[in-house]
Each structure stands twice: as C-alpha cells, then as structure tokens.
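Asks: Here is a sequence together with a model predicted from it:
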Amino acid sequence: MKIIAYSYSEPLLEAAPAPEIWGQEVDRTYQDLGGRQQLQQLLKDCQTEPVKYLLIQRLEELGDTVQQICSHLEQLETLGIQLIVTDEKATESRANLLKLLAEIQRSQHSRSIRKAQARNRIKALPPPGKAPYGYRRGKDRYTVDKSASPAVKDFFEHFLLYGSLRGSVRYLAKKYNKKISVSTGRRWLTNPAYRGDLEYQNGQVISNTHVPIISREEAAQIDRLLRRNRRLPPRTASAPRSLAGLAICSECRSPMTVAKVTSYRKDKEYLYLRPINCPKQPKCSGLSYEEILQLTIERICEDLPQAVAGLQMPDMNRIKAGIGGAIGSKQEILEQLPALIESGILDTETAELRAYKIRTEIAEMQTKLAQLPPVNLRETAQIVSLPQFWLDLSESERRFYFREFISQIEIVRESSKVKLQIIFIF
C-alpha cells in the first residue's frame with residue numbers, strides 16, 4: 001500500500017510547508033512552488049507505479065481554477081487513487097461537493113487578487129486604496145500633492161516644536177481649516193508613507209519608494225517624542241505649564257495639577273501645584289508653582305551630571321556605524337541585480353523577489369537606527385546643567401526638555417521647607 005503526498009505553495013503569498021505536516025510516513029512527497037510541474041510528474045508516476053493514497057492539505061492545491069481541480073480529480077479517480085484532504089472534511093453527497101467547489105472558486109478568486117497585490121508589492125508599487133493626505137496616486141508611485149502637502153508638513157513641524165499631538169491637531173484646524181481627529185493625527189505621525197516608505201497589509205515596509213514629506217531625522221525625533229509622551233498622564237503632553245504631569249506629592253502619593261488664581265479686579269495671576277486626589281484630612285496644601293520650578297532647575301543642574309556619569313552606555317557611534325555599513329552593503333547588492341539579470345544569472349521574477357527582501361531588510365535596519373539616541377547624553381547633560389540654559393527658555397521649551405530627562409518629580413514637605421527628589425528616565 002503506497003502513500004504519497006502533494007503540496008502546492010505560492011512563493012509570493014506563503015512559505016512551503018514542512019515535511020512533518022503529514023503526521024505519518026509517506027513513500028514520496030511532491031512539492032510545487034508557483035507552478036504545477038510536480039503535480040504532472042505525480043500523475044505520470046502513478047500510471048507506472050500504483051498508489052493507494054494521496055495526501056493533500058486543500059483541494060484548491062490541485063489547480064488554479066475549478067475546472068483544473070475537477071480534471072485532476074477525475075484523473076486520480078481513474079487511476080484508483082484515494083484522495084485524503086487533511087484540512088477539509090470529506091464530502092460524499094453532490095450538494096456538499098457543489099458547495100465545496102463554489103467555496104474553492106471564491107477562494108481561488110481571492111487568491112488571484114492577493115497574488116496580483118503581491119506582485120505589485122514585489123515591484124514596490126503603492127498598495128490599493130486612496131493615497132494618504134498630502135499625496136496623489138501616480139502611475140507607479142505616490143507623488144506629492146502641492147496643495148495639501150504644506151499643511152501636512154506644518155503639522156509635523158508643530159509637533160516637533162511642541163511635542164503635543166492635540167496641540168498640533170488644533171493648530172492644523174485653526175491655520176488650514178483641516179479638521180482631523182487625534183487618532184488620525186497619531187496615524188499621520190507614524191505613517192511610513194510620509195517618510196518615503198510603503199507599508200503593506202502584511203506589515204512589511206519597503207523604504208525609499210517615493211518623495212518623503214519629512215526627513216529621516218525628523219521621523220526619528222517624532223518616534224522619540226511619541227514614546228516619551230506614552231509615559232505621561234493623558235493630555236499633559238499639551239499642557240501649557242512645564243511641570244504638568246510630572247509632579248507628585250510624596251505624602252499622599254497624589255499627582256499634582258497646576259491651578260491658577262487671580263486677584264479680584266487685578267490682572268496678576270498666581271500659579272499653584274495642588275494634589276488632585278489627596279486622601280488626607282486636612283488635605284495637603286498647595287505649593288507655589290514658581291518656587292517648585294526654581295527648585296526643579298536647581299536639582300537638575302546638581303543631580304543630572306552625576307546621574308549621567310554613573311550610566312554604563314554603549315558606544316553609540318560604533319553601533320550607528322555598524323548599522324550604516326550593513327545598510328550600505330545591502331544597497332550594493334541591490335545595485336548589482338540589474339547586471340545579474342542582463343547576464344542571465346537571475347531571471348526577472350527571482351531578481352524582483354530578492355530586491356523585495358533586501359528592501360524590507362533595509363527598512364528594518366533603518367528603523368533600528370532611528371530608535372537610537374540622536375545625541376551624546378553626556379554632552380547634552382553638561383549643557384542642560386547650566387542654570388542660564390533653563391532661564392532663557394519659554395515654558396513650552398522647558399516642558400520639552402523636562403520630559404526628555406525627567407520621569408517624575410517627588411515633592412517632599414519638611415516642616416517649613418520643601419525638597420524635591422527627581423527621578424530621571426534613565
């Protein structure tokens with residue numbers, strides 16, 4: 001009793017199955033990748049060597065159309081081969097068989113669409129659907145929409161300057177009358193298309209496929225700001241005061257909010273830090289915002305250099321050079337592919353598959369490179385440890401730098417004095 005197995009895989013859509021999938025020993029395995037040559041060889045071999053059972057995963061592997069599948073089923077029946085489909089229930093009645101064939105036809109249609117999309121992906125063509133706002137769909141790539149791209153560029157620049165997503169959304173609506181939701185703005189900030197890359201449904205990214213709206217350096221800074229803002233309480237990233245979302249009372253462990261008080265019939269206002277949910281009775285009193293701000297600057301100037309000096313930091317320049325060299329090697333391979341096609345060493349389809357894989361690897365390495373710190377932390381710590389540096393900044397600028405270094409500010413009350421304990425993010 002001879003048992004054989006057959007599998008078909010489309011290289012553009014899926015990987016070839018492992019030999020162990022059949023769950024039992026088979027006398028011979030036939031495997032096709034993108035064609036049906038081995039299936040024809042199987043039918044030819046069965047005419048000279050009798051076979052009892054044929055194992056397949058799905059009926060649709062026997063052809064690209066229902067007609068081809070039915071033809072191959074008839075040939076197997078004529079040869080007296082019993083078909084075992086491992087991923088589908090056996091059907092004997094005509095109604096179930098017709099239903100199954102209709103399902104196969106729908107599956108084949110879906111598969112042909114996915115295959116066409118995969119071919120477009122291999123050629124680095126844009127995915128189906130509307131182009132992102134700021135672009136137009138060209139013949140084989142996205143082209144910049146000169147009427148809409150300035151608004152997108154301004155949105156990114158505002159976020160880079162202030163680090164506030166909600167503030168950038170409001171700015172876009174006020175200046176350009178372009179109203180988008182916060183979730184849409186977040187998708188803009190992370191959309192590879194604005195960085196000159198294409199992301200497909202399978203999650204893979206191909207880099208440098210069209211003209212970007214923001215540079216790689218700007219994209220890396222945006223990613224850092226988004227990661228930083230995720231550590232903060234909601235809405236504090238866009239708060240007008242630099243200490244918002246950072247201060248916490250050490251006694252009641254309640255986060256502190258910035259409260260504004262004005263005098264009757266006077267323009268002068270006073271700012272205080274007050275606990276949001278203090279469980280104590282009497283409740284912890286508020287503290288002068290300006291006093292805590294000055295203490296925060298003093299503590300940063302004293303504690304930051306010591307905290308940075310104790311860090312064991314890898315050599316960022318060496319790491320960046322290593323990743324950059326690997327990207328350069330991949331680029332050289334891409335440049336060699338046209339010559340390999342002309343010399344006949346590679347056919348066009350194989351070269352396109354190879355180029356696609358290399359481009360996705362380059363995109364992954366560029367992502368790793370973008371996640372590395374852009375500056376030397378020790379050198380930056382020396383600059384921001386000068387009191388004059390902080391005094392020359394506006395509140396929004398101080399907010400930006402505070403969130404770069406500080407995770408939390410604990411306010412400790414000691415009789416008539418107030419002390420701060422700053423917890424850095426590193």
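Replies: On my side now, so go ahead.
Asks: Within its local environment, how many residues does the closest residue to Leu125 other than its chain neighbours see?
Replies: In this structure, Leu125 finds its nearest non-sequential neighbour in Asp140, 5.7 Å apart by Cβ to Cβ, 6 or more residues apart in numbering. Bear in mind the C-beta positions are built from the backbone N, C-alpha and C, glycine included. Around Asp140 there are 12 other residues, counting by other Cβ atoms under 10 Å.
Asks: What of Glu103?
Replies: 13.
Asks: how close does it get to Thr65?
Replies: 14 Å (Cβ to Cβ, to the nearest Å).
Asks: So the residue positioned nearest the centre of the chain versus His210, what's the distance?
Replies: By Cα atoms, centre = their mean, the chain has its centre lying nearest to Thr190, at 7.2 Å. Per Cβ to Cβ, Thr190 is found 17 Å from His210.
Asks: Quickly list what Pro275 is bridged to.
Replies: Met256 (DSSP bridges).
Asks: Just list the residues touching it, thanks.
Replies: Pro275 makes contact with Cys249, Cys252, Ser254, Pro255, Met256, Lys283, Cys284, according to Cβ atoms under 8 Å, 6 or more residues apart in numbering.
Asks: hmm, 10 Å instead?
Replies: Contacts for Pro275 were tallied using Cβ atoms under 10 Å, 6 or more residues apart in numbering; they are 247-249, 251-257, 283-287, 411.
Asks: pull the CA atoms of stretch 343-361 into CSV?
Replies: Taking Å, rounded to 0.1, in the frame of the first residue of the first chain, the C-alpha atoms of stretch 343-361 are listed here in CSV:
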residue,chain,number,x,y,z
SER,A,343,24.0,38.2,-17.8
GLY,A,344,21.2,35.6,-17.3
ILE,A,345,22.3,34.5,-13.9
LEU,A,346,19.0,35.6,-12.4
ASP,A,347,15.6,35.8,-14.1
THR,A,348,13.4,38.9,-13.6
GLU,A,349,11.0,37.3,-11.2
THR,A,350,13.8,35.9,-8.9
ALA,A,351,15.6,39.3,-9.0
GLU,A,352,12.4,41.1,-8.0
LEU,A,353,11.8,38.7,-5.1
ARG,A,354,15.4,39.2,-4.0
ALA,A,355,15.2,43.0,-4.3
TYR,A,356,11.9,43.0,-2.3
LYS,A,357,13.5,41.0,0.5
ILE,A,358,16.6,43.3,0.6
ARG,A,359,14.4,46.4,0.7
THR,A,360,12.4,45.1,3.7
GLU,A,361,15.7,44.3,5.5
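Asks: Run through who's touching it.
Replies: For stretch 343-361, using Cβ under 10 Å, 6+ apart, the contacting residues are 11-12, 34, 118-119, 121-124, 197-198, 200, 202-209, 326-327, 329-331, 333-334, 336-341.
Asks: From these, list the buried ones, please.
Replies: 12, 118, 121-122, 124, 197-198, 200, 205-209, 327, 330, 337 (16 or more other Cβ atoms under 10 Å).
Asks: Mind checking which of those are in helices?
Replies: Ala118, Arg121, Ile122, Ile327, Lys330, Leu337 (DSSP state H).
Asks: between the residues you listed, which is closest to Phe389?
Replies: Nearest to Phe389 among these, counting by Cβ to Cβ, is Ile327 at 35.2 Å.
Asks: shouldn't the closest one be in contact with Arg216?
Replies: No. Look at Ile327 against Arg216 with Cβ atoms under 10 Å: they stay out of range, at 11.3 Å.
Asks: burial of Met6, as a residue count?
Replies: Slight slip there: residue 6 is Tyr, not Met. Per other Cβ under 10 Å, the neighbour tally for Tyr6 reads 24.
Asks: Then Ala116?
Replies: 12.
Asks: pLDDT of the helix or strand harbouring it, averaged?
Replies: Assigning secondary structure by DSSP states H and E places Ala116 in helix 94-122. For helix 94-122, mean pLDDT is 73.
Asks: Check stretch 203-223 too.
Replies: Rounded mean pLDDT across stretch 203-223 is 87.
Asks: First-to-last residue distance for it?
Replies: Terminal residues of stretch 203-223 are spaced 18 Å apart (Cα to Cα, to the nearest Å).
Asks: cool, stretch 369-381 as well?
Replies: Start-to-end, stretch 369-381 (Cα to Cα) is 22 Å.
Asks: still on that earlier bit, show me whatever sits in contact with both of Ile327 and Arg216.
Replies: With Cβ under 10 Å, 6+ apart as the test, Ile327 and Arg216 both reach Ser207, Gln366, Leu369.
Asks: Let's see the distance spanning stretch 247-261 from one end to the other.
Replies: Termini of stretch 247-261 sit 19 Å apart (Cα to Cα).
Asks: According to the record, where do the domains of this protein fall?
Replies: 3-122, 124-230, 236-312+377-424 (automatic domain parsing).
Asks: Kindly reformat those as TSV containing distance to Asp347.
Replies: Output for the domains of the chain, formatted as TSV (distance: least, Cβ to Cβ, whole Å):
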stretch	distance to Asp347
domain 3-122	12
domain 124-230	18
domain 236-312+377-424	50
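Asks: For Gln221, state which of the buried ones among the contacts of stretch 343-361 is nearest.
Replies: Asp197 (16.6 Å).
Asks: ok, now how distant is that closest one from Ile213?
Replies: Distance, Asp197 to Ile213, by Cβ to Cβ: 12 Å.
Asks: quick one: common contacting residues for these two?
Replies: Taking Cβ under 10 Å, 6+ apart as the criterion, Asp197 and Ile213 both touch Asn191, Ala219.
Asks: how about the strands in this structure?
Replies: Ranges of strands in the chain, per DSSP state E, are 3-9, 28-33, 53-56, 82-85, 135-137, 142-144, 198-199, 205-206, 247-249, 256-262, 269-275, 287-288, 406-414, 417-424.
Asks: which residues touch the third one?
Replies: Contacts of strand 53-56 with the rest of the structure, by Cβ under 10 Å, 6+ apart, involve 1-8, 21-24, 26-27, 29-30, 39, 42, 46, 62, 76, 79, 81-88.
Asks: List only buried entries from those.
Replies: 3-8, 22, 26, 29-30, 39, 42, 46, 62, 76, 81, 83, 85.
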